[in-house]
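K.L.:
just a sequence and a predicted model for now, questions to come.
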Amino acid sequence: SFSRGMRAAPCTSSALTARAAGSFSRGASVRSLSASAKPVMPRPRQGSARASLEPSVADGVVLSITSVIKYGAPLYNKGDAKECSKLYKQTALSIARDTAVTSEAIKKRLRDAVAESDAIFDTSSNENESNENDNVQRMHEKSAWALRRGLDDVVDLLLNPSVDEPRVFEAMKKSGGDGSDESNDTEETPTGSSAPIVATPTAALFDFQKSPKTAEQFREMHDRVMGGVSVGSMKPSTNAKGEVFARFSGVVRPDNNGGFASTRISLGSGVDLSQFDGFYLDVRAGDEKTAQKQILLVAKDDECMNTQVNFKAAFKVGFEGDSESSSSWSRVLIPFAAFDRPERMGRAVMRGPLKSGSICEIGLMVLKEMGDFDLEIRAIGMYK
C-alpha cells in the first residue's frame, strides 16, 4: 500500500471510524509518477495544528484519513487508481467542509490537494492522447497521489509523535538444548528495563519444541499489502541434531516502498495475561546476518483489534555458530511496560499502553532490516 515509510490510499467519508493499517508509501507508487508531476510540498510541522481543534475532532479527522487507507490502498495497488482517487477526494472534501474542523491550515491543505488533483485532468484534457487508456490511467494515478499527499500532511499537522528512541531488549539467559536453564539465577534485568524482573515462574504460550505444528497456525503479513515484494514464513523445523523448533525466515526488500515481513497469530477474543510481567522468547539467530538485525515482537489488545493499532518492542539475539553445531538458546525478556508506543502505519496514536488483561494477537516482524533473515524460536511465553 502506499504510506510514508510505507504509504497508502482513500476512504469513503469522514464518518468512518475503523482505524486501518494499510498504506502506500510516499516517494513512489507501484507505477512511478511521471517527471511532469508537481513537486511534493514541504512537510508541515508535526502536531502544529492540533491545539486548534477539539481533541475528539482531531481524533476523528485522523481516524477518517487512516480508515480511507484501508480501502483505497488495495484498489490503487490492483490498478484501480480511479476509484482510489475518488475515495481520497470524498474524504478530503468531507473533512474540509466539516464545520467542526476549525483549523484553516487543515482546510487549506485539503482544498489545495483537491485543486491539484482537478488540475491534472484539466491540463491533460488539452493534450494529444496517442494512447488514451494509458494516459487516463496515469492521470488517475497522479490524482490519487496529489490527494494522498494532502491527507498525509493533515495527519502530520495533527500528530506529534514521541521523539525518544524505543528500547532494544537483549538476551539475559542462555539455556541448553535440553530445555534446562544453564543459570540458577532467578532475577535478571533486561537491557533498557528500569527494575529487576523475576524470571520464574513462566508459562509457555507456544512451545514449538513440544508442538512444532503450532508454527503453521501463524499467518503471514508482509508489505505485499502495500505493493512490496518481501517474503517470510513461520514453519516447523528440525535440524540434523534432532532439535525441533519454529523458524521465521524470509527476505525483506525495499522495492515499491515496502520493507517488512511479519507473522501473526490470533489469541481469540483476548487472553488475560495480567498476572505476568511480560513476554519471554527462547530464540537464536540462524545466521550471523540475523544476529545484527532488530526483530520486533508485536502485540495487540482488544482495543487494537478494533482500531488497527500495533504495539512493538525490539529485541536482538546473538549468534554462536549454526544450529547444527550449537545447542545454545537465548532467553529474551520483554516487559509489558515496553509496549507503551501505540502506532498506526508507523505514526504515533494517542491512547494508553498495551492492556495485558486482554491480549488478542502476537507476532514477529522484521522492519526495514533489508536482506535475508533467519530466526529460530523454541518457545514464546510469559514470565513473572
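P.N.:
Good, I have the coordinates.
K.L.:
what mean pLDDT does the helix or strand S269 falls within have?
P.N.:
Assigned by DSSP states H and E, S269 belongs to strand 260-271. Per-residue pLDDT over strand 260-271 has a mean of 91.
K.L.:
mind picking out the helix or strand in the chain with the poorest mean pLDDT?
P.N.:
Across the helices and strands of the chain, mean pLDDT, DSSP states H and E gives its lowest value to strand 187-188, namely a mean of 38.
K.L.:
rewinding a little: hmm, who's touching whatever helix or strand comes next after the strand holding S269?
P.N.:
Counting by DSSP H and E, the element after strand 260-271 in chain order, helix or strand, is strand 278-285. Strand 278-285 has contacts (C-beta atoms under 8 Å, 6 or more residues apart in numbering) with 171, 175, 197, 199, 202, 291, 297, 299, 315, 317-320, 323, 326, 328-338, 362, 374-383. Every C-beta, even on glycine, is put in place using the N, C-alpha and C of the backbone.
K.L.:
so which of these sit within strands?
P.N.:
Using DSSP state E, the subset of those located in strands is 171, 175, 197, 202, 297, 299, 315, 329-335, 362, 374-383.
K.L.:
so where's the stretch 151-300 of the chain uncertain?
P.N.:
Applying pLDDT under 70 to the stretch 151-300 of the chain flags the ranges 159-167, 171-200, 225-226.
K.L.:
50 instead?
P.N.:
Across the stretch 151-300 of the chain, residues meeting the criterion (pLDDT under 50) sit at 161-164, 173-199.
K.L.:
count the neighbours of A113 for me.
P.N.:
27 (other C-beta atoms under 10 Å).
K.L.:
which residue sits closest to it, ignoring its sequence neighbours?
P.N.:
Nearest residue to A113 in three dimensions, chain neighbours excluded: G150, at 2.5 Å (C-beta to C-beta, 6 or more residues apart in numbering).
K.L.:
starting at the chain centroid, how far to the helix or strand harbouring the one you found?
P.N.:
Assigned by DSSP H and E, G150 falls within helix 132-158. In terms of C-alpha atoms, centre = their mean, to the nearest Å, the centre of helix 132-158 is found 22 Å from the chain centre.
K.L.:
list the buried residues for that helix?
P.N.:
137-158 (16 or more other C-beta atoms under 10 Å).
K.L.:
next: stretch 80-98.
P.N.:
80-96, 98.
K.L.:
which of these fall within helices?
P.N.:
Using DSSP state H, the members of these that fall within helices are 81-96.
K.L.:
hang on, the earlier thing: my read: the residue nearest to A113 touches K108, true?
P.N.:
No: the criterion here is C-beta atoms under 8 Å, and G150 misses it with K108 at 9.8 Å.
K.L.:
who's in contact with F218?
P.N.:
234, 246, 263-265, 363.
K.L.:
JSON lines for the residues you listed, including neighbour count and distance to S356?
P.N.:
Shown next, in JSON lines, are the contacts of F218 (neighbours: other C-beta atoms under 10 Å; distance: C-beta to C-beta, whole Å):
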{"residue": "M234", "neighbour count": "26", "distance to S356": "23"}
{"residue": "A246", "neighbour count": "28", "distance to S356": "23"}
{"residue": "T263", "neighbour count": "24", "distance to S356": "22"}
{"residue": "R264", "neighbour count": "17", "distance to S356": "18"}
{"residue": "I265", "neighbour count": "17", "distance to S356": "17"}
{"residue": "G363", "neighbour count": "23", "distance to S356": "16"}
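K.L.:
which pair in those residues spans the largest distance?
P.N.:
Maximum pairwise distance among the contacts of F218 (C-beta to C-beta): 13.5 Å, between A246 and R264.
K.L.:
Y71 contacts K86, doesn't it?
P.N.:
No: using C-beta under 8 Å, Y71 is not in contact with K86; the gap is 10.8 Å.
K.L.:
and the helix or strand hosting D122 with helix 81-97, angle?
P.N.:
Using DSSP H and E, D122 falls within helix 104-124. Counting by axes from the mean of the first three to the mean of the last three C-alpha atoms, to 10 degrees, helix 104-124 lies at 140 degrees to helix 81-97.
K.L.:
tell me the confidence at the residue most central in space within the chain?
P.N.:
In the chain, the residue lying closest to the centroid (C-alpha atoms, centre = their mean) is M345, at 5.4 Å. pLDDT for M345: 72.
K.L.:
that one and I69 touch, don't they?
P.N.:
Yes: applying C-beta under 8 Å as the test, M345 and I69 come out as touching, 6.9 Å apart.
K.L.:
tell me who's in contact with K235.
P.N.:
Counted by C-beta under 8 Å, 6+ apart, K235 has contacts 215-216, 246-247, 249.
K.L.:
quick check: bridge partners of it?
P.N.:
K235 forms beta bridges with R247, as assigned by DSSP bridges.
K.L.:
the residue nearest to the centre of the chain and T202: what is the separation?
P.N.:
Noted for M345: a distance of 34 Å to T202, by C-beta to C-beta, to the nearest Å.
K.L.:
check V317 too.
P.N.:
With C-beta to C-beta as the criterion, V317 and T202 are 18 Å apart.
K.L.:
what of L87?
P.N.:
Distance, L87 to T202, using C-beta to C-beta: 47 Å.
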